[in-house]
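>>> Just to be clear, the model below is a prediction. Sequence and coordinates:
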Amino acid sequence: MRQFKTLFYFEMKKILMRKSTWIIFGIFTAVSIFLMGTTFFGSTYIDGEFLETHMEGFAIDKEYGEKLSGRKVDATLLKEMQEAYKDIGNEKEKGYMLTDEYQLNVRPYSQVYTFVRELSRQAEINPLTITEEEFYQSRTKFQKEQWENYYLTEKEQQYWQNKDKNLEKPFVFEYTMAYNDLMDMSGLYMICLTVTFILAVCLSSVFADEHERRTDQMILCSRFGRSHLYFAKILAGSIVSFGAGLIVFICILAKNFIAYGTKGFTAAIQLLMPVYSYPISIGASFLILSGILFLSCILTGIFTMMLSELIHSKVGTMAVMIIILFVARMIPIPTDYRILSQLWNYIPINMLKFDAGFTDIRLVSVFGLQLTSWQFAPFLYIGLAVLFIWIGKRIYCRYQVEGR
């Protein structure tokens with residue numbers, strides 16, 4: 001045990017003391033500070049004319065959103081929103097946002113309008129004329145179209161119908177801007193993207209350095225070179241992976257909670273994804289998605305280290321990781337290929353897309369249980385992590401140093 005601790009501390013020191021580690025963290029720290037600065041200290045301009053600072057805008061929208069929180073999205077609220085927007089339409093010039101009329105009469109309902117518009121756009125109905133009955137009917141219609149597009153089985157359709165029956169309707173509006181942003185592309189998804197780049201640099205040399213510096217022969221023939229050392233490297237890399245995710249997570253979380261507050265934790269997930277049928281709160285969804293994020297970070301770190309041992313090159317490992325990231329992010333798989341498309345969504349960078357991976361309505365059947373994507377993903381990631389560790393161990397222990 002003492003030998004393992006010594007090896008573990010040494011591997012942690014090797015990772016954390018590399019110049020590449022400090023450079024990559026320095027770059028992303030500088031970028032994060034710059035982005036946070038533009039968020040808090042920037043200003044909004046309409047047609048070149050000053051409207052407000054970002055912080056003033058956050059405070060105004062928060063005040064208006066909280067005033068409407070707790071109200072049902074029913075005929076009364078829809079009528080109030082439509083009355084406020086009746087003279088705007090889609091042709092109003094942006095300069096109208098500078099007027100007191102817009103700021104005092106229209107802006108208080110802007111968040112309700114945005115929510116209604118999202119579903120109305122999908123159902124091709126005008127949000128300024130839609131009734132309560134049309135709103136919920138169009139939601140049901142769009143759900144059925146989704147089921148057909150994703151080729152759901154009858155059992156899956158029945159599952160979602162049962163879940164939808166448990167939803168409270170009409171929906172209750174809540175101010176949820178902090179969680180909207182966290183679960184959008186600029187939140188947890190961006191954390192996964194950032195951490196993947198960091199780990200591609202920091203962990204690509206964990207095993208590759210030994211081969212490139214030709215110290216592998218000495219290490220592998222030592223007493224603990226093929227057993228303790230391997231797991232010390234894996235543990236050190238996994239802790240660094242978790243730590244990198246945690247640091248970026250805290251920065252993003254702090255930025256959003258300072259800007260928008262923490263209200264909206266108990267709101268229904270349907271305020272972010274109107275057609276989704278699972279009865280779960282935004283707060284619970286955020287916690288689950290955060291858990292998946294940290295598992296993704298650890299899994300990505302383990303996969304990077306496995307590649308490092310397989311390829312024997314840190315540059316090659318970084319190249320492969322970036323290519324995988326680029327392909328997964330930029331190339332979608334059509335839903336016509338159900339199995340391949342569903343598996344594609346479980347790649348961490350896709351799983352953390354709230355409107356794609358996390359809320360994927362295709363289920364996974366395990367021993368008769370029907371699991372959603374976010375219920376199955378943790379088990380899948382843990383299983384893959386164990387598999388990658390096992391594959392890496394076999395490659396590492398069977399490697400024989402040949403003449404150079």
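All right, it came through fine.
>>> going on from the worst-scoring helix or strand of the chain on mean pLDDT, what's the next piece of helix or strand?
Every helix and strand of the chain was ranked by mean pLDDT, DSSP states H and E. The lowest is helix 216-220, at a mean of 62. Downstream of helix 216-220, the first helix or strand assigned by DSSP states H and E is helix 228-260.
>>> could you say what helices and strands the next helix or strand after that following helix packs with?
Using DSSP H and E, the next helix or strand after helix 228-260 towards the C-terminus is helix 282-311. Counting contacts by 3 or more C-beta pairs under 8 Å, 6 or more residues apart in numbering; DSSP states H and E, helix 282-311 packs against helix 177-182, helix 188-202, helix 208-212, helix 228-260, helix 314-330, helix 348-351, helix 373-398. All C-beta spots, glycine's among them, are computed from the backbone N, C-alpha and C.
>>> what helices or strands is the second one leaning on?
Yep, that's helix 188-202 we're talking about. For helix 188-202, the elements it packs on are helix 19-41, helix 228-260, helix 282-311, helix 314-330, helix 348-351, judged by 3+ C-beta pairs under 8 Å, 6+ apart.
>>> Would you mind putting these into TSV with mean pLDDT, mean neighbour count and distance to Val106 alongside?
Listed next are the helices and strands packed on helix 188-202 as TSV, based on pLDDT from 0 to 100; neighbours: other C-beta atoms under 10 Å; distance: least, C-beta to C-beta, whole Å:
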stretch	mean pLDDT	mean neighbour count	distance to Val106
helix 19-41	84	13	24
helix 228-260	92	19	21
helix 282-311	95	22	25
helix 314-330	91	16	37
helix 348-351	93	22	37
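>>> Including distance to Ser205, could the ones you listed go into TSV?
Converted to TSV, these look like this (distance: least, C-beta to C-beta, whole Å):
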stretch	distance to Ser205
helix 19-41	8
helix 228-260	11
helix 282-311	7
helix 314-330	4
helix 348-351	22
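>>> For Leu369, which of those is the nearest?
Closest to Leu369 of the helices and strands packed on helix 188-202 is helix 282-311 (C-beta to C-beta; 17.0 Å).
>>> by how many degrees do the closest one and helix 188-202 diverge?
20 degrees (axes from the mean of the first three to the mean of the last three C-alpha atoms, to 10 degrees).
>>> what angle separates helix 282-311 from helix 228-260?
Using the same axes, to 10 degrees: helix 282-311 against helix 228-260 is 150 degrees.
>>> How far off centre is helix 282-311?
11 Å (C-alpha atoms, centre = their mean, to the nearest Å).
>>> Repeat that for stretch 343-351.
Per C-alpha atoms, centre = their mean, the centroid offset for stretch 343-351 relative to its chain is 10 Å.
>>> can you list contacts of that stretch?
189, 192-193, 196, 292, 296, 299-300, 325, 328-329, 332-333, 356-358, 360, 373, 376-377, 380-381 (C-beta atoms under 8 Å, 6 or more residues apart in numbering).
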